[in-house]
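[1] below: sequence and its predicted model.
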Amino acid sequence: KYLQAPNATDLVLVENASVGVNAVFRSLAPVWEQEARERKEKGEEPMENLIVLLSEAYSMVPKTLAWMQDKQRFASLRIEMIPTHVPVASNEQVVTALETGISRIVKDRPHARIRMAVFSHIASIPPVVLPVEQMAAVCRQHNIPVLVDGAHALGHINVNLTDLSRHGVDIWVGNAHKWLHTPKSAAVMWVRGP
């Protein structure tokens, strides 16, 4: 009830938000990499599997993706960082930067496929609440799945997973130990059901 999830069976407990994000990447990246290999074997143009991040992304996200590229040998995996120019003056600035960045990728990289966009619900550096509903709506227009890292959101702002789902958020992870003052290793991951 606290998260206003559309369906409680779409929620799972995880150790922390970073573990949830890692679970998503490590589950999906092998599938994406296999598709890229199959294209290559057929003699088709090489495919890049892009993960779109904003420049405010928590450092664990790009570091995890870089580790997966290097150590797990996901050769087609690419990080596409979209700058939002700190300080963030308005929600519109962030949404426009995202729209511009996605449009540029679609236009300039025809053999790239944006597999997922990952946004912080509340960025830690700089500390700002991001307009994740508007950002997810932009991604939905381009059929891009959205993962929201809500590590700082629970207990700090109202989180309504039903509304986030309506706007295009597919996965949301958040820690309870920060602002709900629960013991460490108390976090939740929500995945939008069918």
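    Here it is on my side, so go on. Numbers count the residues shown, from 1 in each chain.
[2] who's the spatially most central residue of the chain bridged to?
    Nearest residue to the geometric centre of the chain (CA atoms, centre = their mean): V118, 1.8 Å. Going by DSSP bridges, V118 is paired in beta bridges with L53, L147.
[3] do the same with the one 5 residues further on
    With beta bridges defined as DSSP bridges, A123 has these partners: V128.
[4] burial measure for it, as a count.
    23 (other CB atoms under 10 Å). C-betas here are computed from N, CA, C, even on glycine.
[5] right, and it touches E56 too?
    Yes - A123 lies in contact with E56 (CB atoms under 8 Å); the separation is 3.8 Å.
[6] what comes up buried for the lengthiest helix in the chain?
    As assigned by DSSP state H, the longest helix anywhere in the chain is helix 17-41. Buried residues in helix 17-41, counting neighbours by 16 or more other CB atoms under 10 Å, are found at 17-18, 20-25, 28-29, 32-33, 36.
[7] which helix or strand contains the residue lying farthest from the centre of the chain?
    Largest separation from the mean C-alpha position in the chain: G43, at 31.0 Å (CA atoms, centre = their mean). For G43, there is no host helix or strand (DSSP states H and E).
[8] could you do M81 as well?
    Using DSSP H and E, M81 falls in strand 77-82.
[9] mind giving me the packing neighbours of that strand?
    Other helices and strands packing on strand 77-82, by 3 or more CB pairs under 8 Å, 6 or more residues apart in numbering; DSSP states H and E, are helix 17-41, strand 48-54, helix 60-71, helix 91-108.
[10] go again with 7 Å.
    If you count contacts as 3 or more CB pairs under 7 Å, 6 or more residues apart in numbering; DSSP states H and E, strand 77-82 packs onto strand 48-54, helix 60-71, helix 91-108.
[11] can you tell me which of the ones you listed has the worst average pLDDT?
    Among the helices and strands packed on strand 77-82, helix 60-71 has the lowest mean pLDDT, at a mean of 91.
[12] contacts for that helix?
    Contacts to helix 60-71, defined as CB atoms under 7 Å, 6 or more residues apart in numbering, come from residues 18, 21-22, 25, 29, 51, 53, 74, 77, 79, 118, 149.
[13] what's the closest non-adjacent residue to L3?
    L161 (5.0 Å; CB to CB, 6 or more residues apart in numbering).
[14] check contacts around the one you found.
    3-6, 172, 190.
[15] confidence score at it?
    pLDDT, read off for L161, is 95.
[16] okay, the helices and strands packed on strand 77-82 in TSV with distance to A153 and mean neighbour count next?
    TSV is the format used below for the helices and strands packed on strand 77-82 (distance: least, CB to CB, whole Å; neighbours: other CB atoms under 10 Å):
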stretch	distance to A153	mean neighbour count
strand 48-54	16	22
helix 60-71	15	15
helix 91-108	16	16
